Every structure is written in C-alpha cells, then in structure tokens.
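[1] 3D model of this:
(one chain, ligands or ions: 2)
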Amino acid sequence: KPVAWGYEGDIGPCNWHKYFPKAGGKRQSPIDIDTSATQYDGSFKPLRIHYDSHMCSSLTNNGHTFCMSVNSDQCNLSGGPLEDKYRLLQFHCHWGSDDTKGSEHTVDGHQYAAELHLVHWNTDKFKSADEAIEKNQGIAVLTAFIKAGKEHRGWNHVLSHFKDIKKVQGTSTVNEDFNPKCLLPENQTDYWTYEGSLTTPPCHESVRFIIFKEVVEVSSEQLAQFRSLCVCSSRKRDTGEDEHLVDNFRPIQPLNGRVVKASFQ
Ligand SMILES: NS(=O)(=O)c1ccc(C(=O)N2CCN(Cc3ccccc3)C2)cc1
Ligand SMILES: [Zn+2]
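    Ligands and ions are numbered 1, 2, ... in the order given. As a prediction, this is how the structure comes out:
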C-alpha cells in the first residue's frame, strides 16, 4: 500500500524521511543557488534539446502536481554537463498559493512564483525510466523559473486541458501540435547545474539538475489556473469547499559541500 505523503502536517516534508529514508540523504534537492559561490565550468559542450511536436501525451492530476507524460523516443536531451543521452519522460510544475512563492530552488534566497521540471531518463545506461529513477546519473531535469508577468501563449496549450483534470486522477489526452520546448526561456546557454535528488518521495539521489538563469513569464491569471487543480476528489473540507493544490514545493535542503557549476561567467 503506497505511503501517503504531502506538503503539510504530519505527512509533510519534515517527516518524509520516516517512510522514505533517502529524503534524509546528503545530496537532496531543492537547494538555494548562492550565485557568489557558483563555479564557472568552461568544459560544458552546448546543451542539445531536441523535442518533436507530434508526440501523443496525456495530462494527469496525480494529487501532487499536474503531470504531462510524454512517450516519444524523439524527445532527447544531451550535451552540456551530461555524458549520456536522456529521453523526455514527463514534465510538471511546482507553485504557490500566491505569486510570491512556489518555486523549489531559490536564487540568492529569492523564491519565484513557480518552477517547471522537464524530467528525462538516461537511455544510454538504463533500460527503463523506472530503473533509471533510482540510479546515479539516471535522471536529468531541465528546470525553468516562472514569474508573474505577460501572458505565455504556449502555456495555454496545457492550461486549456486543466478543466478535465481538476479532480485527482483526472486524465486528458493532448493530441494537438504542442512542443514543450516552447515553455523554456530563449537563452538556453546560461544555466546552473548540480547533482541532487527527486524533490518528492522517494527522493532518490539520481538527478542532475540543469537550471536556466533566464526566468519565464506567465500571467497572474495563468498562475491562478495552476491553483484551480484540486487535491482530493472525495474529501471535502468542513466548509464543503474543494481543497486546491497549492504550495507543492519542498523546502530547500542542505548543500553538504556540493558545488553548483555555472555554464556562464
Ligand atoms: N520534482 S522532480 O523533478 O524531482 C521529480 C519528481 C517525481 C518524479 C517521478 O516521475 N517519480 C518519482 C517517483 N515516482 C514513482 C516511482 C517510479 C519508479 C521508482 C520509484 C518510484 C515517479 C520525477 C521527478
Ligand atoms: Zn518537480
């Protein structure tokens, strides 16, 4: 029976380690990026992000976030700090209850309104995503910070399906011509990178994070649509109101001597 976990109360992040021991490990995520302590690494090759558009994907509300699963072997990531080729598995976001918080990583202590994670698994070293997710170098997560600003038309292709996944376990098939590359910032050469973990249980220490410096803007109304998702299909609060899915970000974790590399000076 899977162990319930969440972002508040007894099942919140402070207690994850009781059922998910990796959560108490030495290379956990997210972290604060202290830009005065990052180290420029001139050895990185250009990042290669090749996604195709005609990939059938399905959008699900898993109770912790929305998850756009991708099943195209044409969506690949390599280069940069990566030694191997990685394939896009899914993307999701973390967000807050208002525009002042929501990202998992912070930059010099600044928290953004949301954070996009494009999750890839190492197809050179492993046979399946389920195997890769538990192994060192198994996962690479392309990460972009999101702030409130002008409307992002690319995000509307995802948000237009949210009414179908308002309830937990809701699923919607996305067949339109959508390429998740449009969700990334224009500047894809300036990023920070470090070795960390899944930011949700089981918190496997298998993740190489690649975090773009340039922040993506979406409108406040679009951010509000993230918050329209519900956490529980059945349980109603005593007020009879649905409980909305917000503040699904893990607090920052100790760096434990890790060095965050920068692709730029
Ligand atoms: N926030 S994050 O980017 O760090 C991130 C969070 C979750 C996942 C994810 O797809 N899963 C976490 C475990 N889960 C189930 C699972 C599968 C195999 C083995 C064990 C468990 C799947 C990937 C990245
Ligand atoms: Zn995530």
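[2] Am I right that Thr193 falls within a strand?
    Yes. Thr193: assigned to a strand according to DSSP: H, G, I helix; E, B strand; the rest coil.
[3] number of nearby residues for it?
    Residues lying near Thr193 (other Cβ atoms under 10 Å) number 22. The C-beta positions use only the backbone N, C-alpha and C, and glycine is treated the same way.
[4] And Gln169, by the same measure?
    Neighbour count for Gln169, taken as other Cβ under 10 Å: 10.
[5] ok, now how distant is it from ligand 1?
    Using Cβ to the nearest ligand atom, to the nearest Å, Gln169 is found at 15 Å from ligand 1.
[6] quick one: the one residue in the stretch 1-150 of the chain that gets nearest to ligand 1 and Tyr19, what's the gap?
    Scanning the stretch 1-150 of the chain for the residue nearest ligand 1 gives His117, at 3.8 Å (criterion: Cβ to the nearest ligand atom). Separation of His117 from Tyr19 (Cβ to Cβ, to the nearest Å): 22 Å.
[7] Tell me which of these two has more neighbours.
    Just comparing His117 and Tyr19: by other Cβ under 10 Å the higher neighbour count belongs to His117, 21 against 14.
[8] Would you verify that Asn248 is located in a strand?
    No. Asn248 is assigned coil when assessed by three-state DSSP, not a strand.
[9] these two touch, right, it and Gly12?
    No. Using Cβ atoms under 8 Å, Asn248 is not in contact with Gly12; the gap is 11.2 Å.
[10] Looking at the two, which has the bigger crowd around it?
    Each of Asn248 and Gly12 has its neighbours counted (other Cβ under 10 Å); Asn248 has more, 25 against 13.
[11] Next up, the contacts around that one.
    Contact analysis of Asn248 by Cβ atoms under 8 Å, 6 or more residues apart in numbering lists Tyr7, His64, Thr65, His94, Trp95.
[12] what do you get for Leu223?
    Trp95, Asp99, Gly102, Ala113, Ala114, Ile146, Ala148.
[13] JSON lines for those, including distance to ligand 1?
    Formatted as JSON lines, the contacts of Leu223 follow (distance: Cβ to the nearest ligand atom, whole Å):
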{"residue": "Trp95", "distance to ligand 1": "12"}
{"residue": "Asp99", "distance to ligand 1": "21"}
{"residue": "Gly102", "distance to ligand 1": "13"}
{"residue": "Ala113", "distance to ligand 1": "17"}
{"residue": "Ala114", "distance to ligand 1": "12"}
{"residue": "Ile146", "distance to ligand 1": "14"}
{"residue": "Ala148", "distance to ligand 1": "21"}
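[14] out of those residues, who's nearest Leu184?
    Here the nearest of these to Leu184, counting by Cβ to Cβ, is Ile146; it sits at 11.1 Å.
[15] burial of the closest one, as a residue count?
    Applying other Cβ under 10 Å, we find 27 other residues in the vicinity of Ile146.
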